[in-house]
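**Q** Quick check, what structure comes out for this input:
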Amino acid sequence: MHPVVKLLPKLLTPGWGRPGKPMADPRGIVVHWTANLNPGANAVANRNWFETFRGYKVSAHYVVDDTRVVLCVPENEIAYHAGTATKPDALALFGRSPNNHAIGIEWCVNQGSNGAETYRNVVGLCGEIMARYGWGQATLLRHFDVTGKICPAFFIDNRWAERLGFTAGAAHAWQQFRRDVVVATRAAEVSAIMAGRR
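**A** Take a look at the predicted model:
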């Protein structure tokens, strides 16, 4: 995984790209996709969009592309990324307001980027976060698992899976991703032990 780059929006306009509200009880991760295939729609561009967009409140803790992992909102602050929970797994984990308890990760799919490298960065980030909090696989959800939104589409819709290189289909891609995150979590736990952080 590439190192995390902190590009935190200023708190000049709380309530938009960085609400500035504390998140005291993080419980899991919600994975999204940017749905922007345009060239240049990378992690920094999406982070900048969060800071300047005023159509509605939207943000995420991290935006990940093939060369960067960008921290947009500190993990101890709420980000607006998941809406209102309607699905059973999300309700059990987060209650009705997942933004109060979920770390949001946006996955970039911009044209011209290296999809395999982006995949590795997202897997590594999820594993590092889950190891740090001591979370298990059940704490890793798609936006779809929270609200039913087709997000990330390549983990739900076979046409999008194929288009973005997940040739075995969306369901297989999601299960493989979850398995890969478990491996990354174990590796992060071992690294933490070796570094004396545990």
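
**Q** now the helices for the chain?
**A** For the chain, the helices defined by DSSP state H occupy 43-52, 88-94, 115-133, 144-147, 158-163, 170-194.

**Q** most packed of the ones you listed?
**A** Across the helices of the chain, the average number of neighbours (mean count of other Cβ atoms under 10 Å) peaks for helix 144-147, which reaches a mean of 22. C-beta here means a position set from N, CA and C on the backbone, and glycine is covered the same way.

**Q** Please convert the helices of the chain to a markdown table, extending it with mean pLDDT and distance to Pro3.
**A** Converted to a markdown table, those look like this (pLDDT from 0 to 100; distance: least, Cβ to Cβ, whole Å):
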| stretch | mean pLDDT | distance to Pro3 |
| --- | --- | --- |
| helix 43-52 | 86 | 12 |
| helix 88-94 | 95 | 29 |
| helix 115-133 | 96 | 10 |
| helix 144-147 | 97 | 29 |
| helix 158-163 | 95 | 29 |
| helix 170-194 | 92 | 14 |
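
**Q** Tabulate those (CSV), appending distance to Ala24.
**A** Shown next, in CSV, are those (distance: least, Cβ to Cβ, whole Å):
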stretch, distance to Ala24
helix 43-52, 22
helix 88-94, 13
helix 115-133, 13
helix 144-147, 20
helix 158-163, 36
helix 170-194, 23
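
**Q** So which of these is nearest Tyr62?
**A** Of all those, helix 115-133 sits nearest to Tyr62, with 6.2 Å by Cβ to Cβ.

**Q** residues touching Arg96, list them.
**A** Shown in contact with Arg96 (Cβ atoms under 8 Å, 6 or more residues apart in numbering): Thr84, Ala85.

**Q** how about it, phi and psi?
**A** phi -70, psi -20 (degrees, to the nearest 10).

**Q** For it, give its distance to Thr147.
**A** 11 Å (Cβ to Cβ, to the nearest Å).

**Q** what do those two both touch?
**A** Contact with both Arg96 and Thr147 is made by residues Thr84, Ala85, according to Cβ under 8 Å, 6+ apart.

**Q** need the contact list for the residue nearest the centre of the chain.
**A** The C-alpha lying nearest the average C-alpha coordinate of the chain belongs to Ile105 (Cα atoms, centre = their mean; 1.5 Å). Counting by Cβ under 8 Å, 6+ apart, Ile105 makes contact with Ile29, Val30, Val31, His32, Ala60, His61, Tyr62, Val63, Val64, Val122, Leu125, Cys126.

**Q** How about the contacts made by the spatially closest residue to Ala187 that is not a sequence neighbour?
**A** Leaving out its chain neighbours, the residue that sits closest to Ala187 by Cβ to Cβ, 6 or more residues apart in numbering is Gly127, at 6.5 Å. Residues near Gly127 by Cβ under 8 Å, 6+ apart: Val181, Val182, Val183, Ala184, Thr185, Arg186, Ala187, Ala188.

**Q** what's the answer for Pro98, then?
**A** Val30, Ala82, Gly83, Thr84, Ala85, Ala90, Val146.

**Q** and it, how far is that from Val146?
**A** Per Cβ to Cβ, Pro98 is found 5 Å from Val146.

**Q** any common contacting residues for these two?
**A** Residues within reach of Pro98 and of Val146 at once, by Cβ under 8 Å, 6+ apart, are Val30, Ala82, Gly83, Ala85, Ala90.
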